[in-house]
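Participant: Fold the following for me, if possible:
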Amino acid sequence: MFDSPTRDFFSRLRDRARGSSDTSLYFNPREAQGAISTDTLAWVASVFFALACNQPVWHLALQGRSLSQPATWGFALSLAVVLTTTHFILLGLVLHRAFAKLLLAVLLVATAFAVHGLQTPPAHLDPAALHRLAGLGLDGLRGSFTQAMGADVLFYAVLPLLVLWRVRLARPAWPRALALRGANLLVALLLCAGSLLATSRDFEILRRDDPAPITPATEVDAALAGQGFAVLDAAGVGTLLQAPVSDLQPWLAHWDRLPADAYLRDGGRYRRRRHGCFIVEGETVTPVPQRPHWQPVEYNALHGGLERHFEPIEPALLAHPLWQRWLVALAARASALKGARRWFAEAHPFRIDTTDGIGRPTPEGAHRDGVDLVAVTLVAREGIKGAETRVFAAQGREGQRFTLSEPWSTLLLDDARVVHESTPIQPLDPAGGGYRDTLVLTLRAGGFQGP
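Facilitator: Modelled structure (predicted):
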């Protein structure tokens, strides 16, 4: 019925559908010659992701190390192996020839935008981040596409996609493909484990919480002017208050009576808070009638543009003699930084708990507040892990990470020069829960923020 060439065509088609590894079954002999296995593609992609797309990891790992030391290069090699093999293991568990190129294309595009976001400034991919992205809209996304983002998309997505488009994947029989995948996964696991064991002490350093870089109270103004932030320990706070911090103990009970935040747009139930406004001029503090808290979307993409009406701070806390003294002390720092003037202050007592299993001190991500000075005071920290503070230059890549652990220690920020965030908290004991209490005070010249 069919001539010989036609029968050969259908014979090759049938054998190819069955997954034969015989290269003579390819319609175009050149295709067989230039094809690579899916495992090879996964290894190449893993190397790219590990070496090119993990700058924050490399920066943190090699920070403070001398490149002239052989130990540094040994650790860098071990880290490269760990990152590469980890990526391969994750890809190897899901990658299949039928959709390998499509999946890698999606990952490359997502990685390009993630790399850009991690550089300016670091952020977390969590439900809140997705809410922020969805809230931008087309106009917001178009406005956020900068020249720097275009360069990142070109290097991390467009160029790799052009290479990926040219790749031809081999079609080995499934038993052979399964055996090769298992062998590659085993090799990856052994290499990863061996590298971790060989440099376990170095990797342990990466997991350690860094202590807060304490600034003496007498040097706070200079630190704010020089680097854009300063951290006071409890003794330093006592120096500014001219009173022992033990006198602040009556404040603690007020955090036990904070009402729930009804405005969380990420669906969480983990935040409780109150709100109050004041005008500080010299030594005089004037309470302002209760008003809504408002921020522009440029500073708070999650909750910006929304008038949020919170319960007022309890009168007993406002009447405490150190409350006014703390506001005056912070206003003096703002005046030293920006020049003496009238300051419009907003106070936010917060409790972040683990009601949902995880609590987010900054659900809006790394951000600025649109003010002149921000003060974050740790009031209490009970039964939790996490809440690492991260401060980064608003223009540039310089930054520090540390954890506030001492009650009444305070982070001061020049909001015009730095962005900040705190990582989520989790309970030390899942059955017991935990919380983190803070007092956030912002000072702004010229008036309160409003629509």
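Participant: how about the strands of the stretch 51-200 of the chain, start to end?
Facilitator: Ranges of strands in the stretch 51-200 of the chain, per DSSP state E, counting those that start in this stretch, are 168-169.
Participant: what about the helices in it?
Facilitator: Along the stretch 51-200 of the chain, counting by DSSP state H, counting those that start in this stretch, helices occupy 55-62, 70-94, 100-119, 127-144, 147-153, 159-166, 174-198, 200-207.
Participant: any idea of the mean pLDDT in the fifth one?
Facilitator: For helix 147-153, the mean pLDDT works out to 71.
Participant: re earlier: what's the least confident stretch among the helices of the stretch 51-200 of the chain?
Facilitator: helix 127-144 (a mean of 47).
Participant: residues near P296, how many?
Facilitator: 13 (other C-beta atoms under 10 Å). C-betas here are computed from N, CA, C, even on glycine.
Participant: Would you confirm that it contacts L306?
Facilitator: No - assessed by C-beta atoms under 8 Å, P296 is found out of contact with L306, at 10.3 Å.
Participant: Now do the same contact list for the nearest residue to V81 once chain neighbours are set aside.
Facilitator: By the measure of C-beta to C-beta, 6 or more residues apart in numbering, the closest residue to V81 outside its immediate chain neighbours is S195, 4.3 Å from it. Counting by C-beta atoms under 8 Å, 6 or more residues apart in numbering, S195 touches 78-79, 81-82, 85.
Participant: Among those residues, which one sits closest to A225?
Facilitator: L79 (36.6 Å; C-beta to C-beta).
Participant: Using CSV, list the CA coordinates for stretch 425-432.
Facilitator: What follows is stretch 425-432, C-alpha atoms only, in CSV (Å, rounded to 0.1, in the frame of the first residue of the first chain):
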residue,chain,number,x,y,z
ILE,A,425,8.6,35.3,63.5
GLN,A,426,7.8,31.7,64.4
PRO,A,427,7.1,30.1,67.8
LEU,A,428,10.0,28.2,69.5
ASP,A,429,7.4,25.8,70.7
PRO,A,430,4.6,25.3,68.2
ALA,A,431,2.2,24.3,71.0
GLY,A,432,2.9,27.4,73.0
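Participant: For that stretch, buried residues please.
Facilitator: 425-427 (16 or more other C-beta atoms under 10 Å).
Participant: what do you get for stretch 270-285?
Facilitator: Going by 16+ other C-beta under 10 Å, stretch 270-285 has these buried residues: 270-280, 285.
Participant: The nearest residue to W58 once chain neighbours are set aside and A45, how far apart?
Facilitator: Closest residue to W58 apart from its sequence neighbours, by C-beta to C-beta, 6+ apart: L79 at 7.5 Å. As judged by C-beta to C-beta, to the nearest Å, L79 and A45 stand 18 Å apart.
Participant: what does V106 give?
Facilitator: Taking C-beta to C-beta, one finds V106 at 12 Å from A45.
Participant: Which residue of the two possesses the greater neighbour count?
Facilitator: A45 (22 against 11).
Participant: between the helix or strand encompassing the more buried one and helix 159-166, how many degrees?
Facilitator: Using DSSP states H and E, A45 falls within helix 38-52. Computed by axes from the mean of the first three to the mean of the last three C-alpha atoms, to 10 degrees, the angle separating helix 38-52 from helix 159-166 equals 170 degrees.
Participant: Show me how this protein divides into domains.
Facilitator: 4-206, 217-445 (automatic domain parsing).
Participant: Endpoints of the last one, how far apart?
Facilitator: Spelled out, that is domain 217-445. Its first and final residues considered, domain 217-445 spans 24 Å by C-alpha to C-alpha, to the nearest Å.
Participant: Please state the offset of that domain from the chain centre?
Facilitator: 19 Å (C-alpha atoms, centre = their mean, to the nearest Å).
Participant: With stretch 166-184 instead?
Facilitator: From the chain centre to the centre of stretch 166-184 is a distance of 36 Å (C-alpha atoms, centre = their mean).
Participant: mind starting the numbering at 661 from now?
Facilitator: All set: I'll call the first residue 661, so the last point we hit is now stretch 826-844.
Participant: from the buried residues of stretch 1085-1092, which single one is nearest I1018?
Facilitator: Closest to I1018, out of all of those and judged by C-beta to C-beta, is Q1086, at 5.6 Å.
Participant: If you average the pLDDT over the host helix or strand of the closest one, what comes out?
Facilitator: Using DSSP H and E, Q1086 sits in strand 1085-1087. Averaging pLDDT along strand 1085-1087 yields 91.
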